[in-house]
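[1] I need the structure of the sequence given here:
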Amino acid sequence: MAQHMNLTLKVWRQKNDKSKGQFVTIQAKDIADDMSFLEMLDVVNEDLTRLGEDPIYFDHDCREGICGMCSLVINGRPHGPKYGITTCQLHMRTFHDGQTIVIEPWRAAAFPVLKDLATDRTSFDRIQQAGGYVNVNTGGVPDANTIPIPKRIADEAFEAATCIGCGACVAACKNASAMLFVSAKISQFALLPQGQTERYERAQAMVDQMDAEGFGNCTNTGACEAECPKGIKLTNIARMNREYFTAKFFREEDVHTHS
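    Sure, this is the predicted structure:
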């Protein structure tokens, strides 16, 4: 049987990207411990709506830890106090009756606040568009086993591809670096034969776009890996640096030829 609790929420409220925001205290009453964190916010928003107040804006979609939309810093931790899960997978049994919970959006110049807890993360989309793709011939789809790939390489590529682009790595980094995200997207292609055609152009274009978006440099503290809900490894950043510097030293002309 579910236990119920009352909580004090200190929620960041901000009208738009041009206005100043502030923390507002809101009471969350009769919250069941088997609710997810986002379901708790749904209940709070229902109460606010009944009172004629503006509901709390926050990003969400699949609520299954897949889409990467949910993006809350909860008591100073991206996605909350649990490891390896997204905000939508966090349940209220993690908290206790009478607790105060501070909720704020991702903090990064490249992730401007749209309203309350919702941020604009289209900078990630632009980085992906700069080089996160492969060119393939049109026509029939080849059989999957026509290109033998060692299992270790396939596993590493798969692990990199599990990045959901939520931005927790940026929120966790004191420099608001996106290097873990970018390196995962570069690695998933750099490791496989299908990604070799644009290999050097990809590394330069995506890193350049990352810099243009205003993300900071890597701090080497590992906070990004620690807070990543999918466990993306720092080794991907090392691979991205190798790809980038190799491209700069040996294949600089590729970018200029194809741009």
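
[2] use CA for all of it now, contacts and neighbours both
    OK.

[3] which stretches of this structure form helices?
    Assigned by DSSP state H, the helices in the chain fall at 37-50, 122-131, 151-161, 168-172, 179-190, 199-213, 223-227, 235-250, 252-258.

[4] these into a markdown table, with extra columns for distance to H96, mean neighbour count and mean pLDDT?
    Formatted as a markdown table, the helices of the chain follow (distance: least, CA to CA, whole Å; neighbours: other CA atoms under 10 Å; pLDDT from 0 to 100):
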| stretch | distance to H96 | mean neighbour count | mean pLDDT |
| --- | --- | --- | --- |
| helix 37-50 | 13 | 17 | 97 |
| helix 122-131 | 35 | 18 | 97 |
| helix 151-161 | 34 | 16 | 95 |
| helix 168-172 | 25 | 27 | 98 |
| helix 179-190 | 33 | 26 | 96 |
| helix 199-213 | 40 | 22 | 94 |
| helix 223-227 | 22 | 22 | 97 |
| helix 235-250 | 37 | 17 | 91 |
| helix 252-258 | 55 | 13 | 52 |
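
[5] ok, which of these comes nearest I101?
    helix 37-50 (11.0 Å; CA to CA).

[6] could you dump the closest one to PDB, C-alpha only?
    What follows is helix 37-50 as a C-alpha-only set of coordinates in PDB (Å, rounded to 0.1, in the frame of the first residue of the first chain):
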ATOM      1  CA  PHE A  37       8.700  12.600  -9.900                       C
ATOM      2  CA  LEU A  38       7.000  13.900 -13.000                       C
ATOM      3  CA  GLU A  39       3.600  12.500 -11.800                       C
ATOM      4  CA  MET A  40       4.200  14.500  -8.500                       C
ATOM      5  CA  LEU A  41       4.600  17.600 -10.600                       C
ATOM      6  CA  ASP A  42       1.400  16.800 -12.500                       C
ATOM      7  CA  VAL A  43      -0.500  16.600  -9.200                       C
ATOM      8  CA  VAL A  44       1.000  20.000  -8.100                       C
ATOM      9  CA  ASN A  45       0.100  21.500 -11.500                       C
ATOM     10  CA  GLU A  46      -3.500  20.300 -11.100                       C
ATOM     11  CA  ASP A  47      -3.700  22.000  -7.700                       C
ATOM     12  CA  LEU A  48      -2.200  25.200  -9.100                       C
ATOM     13  CA  THR A  49      -4.700  25.200 -12.000                       C
ATOM     14  CA  ARG A  50      -7.600  24.800  -9.600                       C
END
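
[7] domain assignment for the chain?
    4-115, 122-250 (automatic domain parsing).

[8] endpoint to endpoint, the shortest one covers what distance?
    By that I understand domain 4-115. 30 Å (CA to CA, to the nearest Å).

[9] same question for stretch 169-180.
    Start-to-end, stretch 169-180 (CA to CA) is 7 Å.

[10] before we move on, what about stretch 19-37?
    27 Å.

[11] and that stretch, how far out from the chain's middle?
    Averaging C-alpha positions (CA atoms, centre = their mean, to the nearest Å) puts stretch 19-37 22 Å from its chain's average.

[12] just the residues contacting it, thanks.
    2-15, 40, 43-44, 87-94, 116 (CA atoms under 8 Å, 6 or more residues apart in numbering).

[13] go through that stretch and flag the buried ones.
    28-29, 31-37 (16 or more other CA atoms under 10 Å).

[14] same list, those residues, but as JSON lines with distance to C163 please.
    Output for the buried residues of stretch 19-37, formatted as JSON lines (distance: CA to CA, whole Å):
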{"residue": "A28", "distance to C163": "32"}
{"residue": "K29", "distance to C163": "35"}
{"residue": "I31", "distance to C163": "31"}
{"residue": "A32", "distance to C163": "31"}
{"residue": "D33", "distance to C163": "29"}
{"residue": "D34", "distance to C163": "27"}
{"residue": "M35", "distance to C163": "26"}
{"residue": "S36", "distance to C163": "22"}
{"residue": "F37", "distance to C163": "22"}
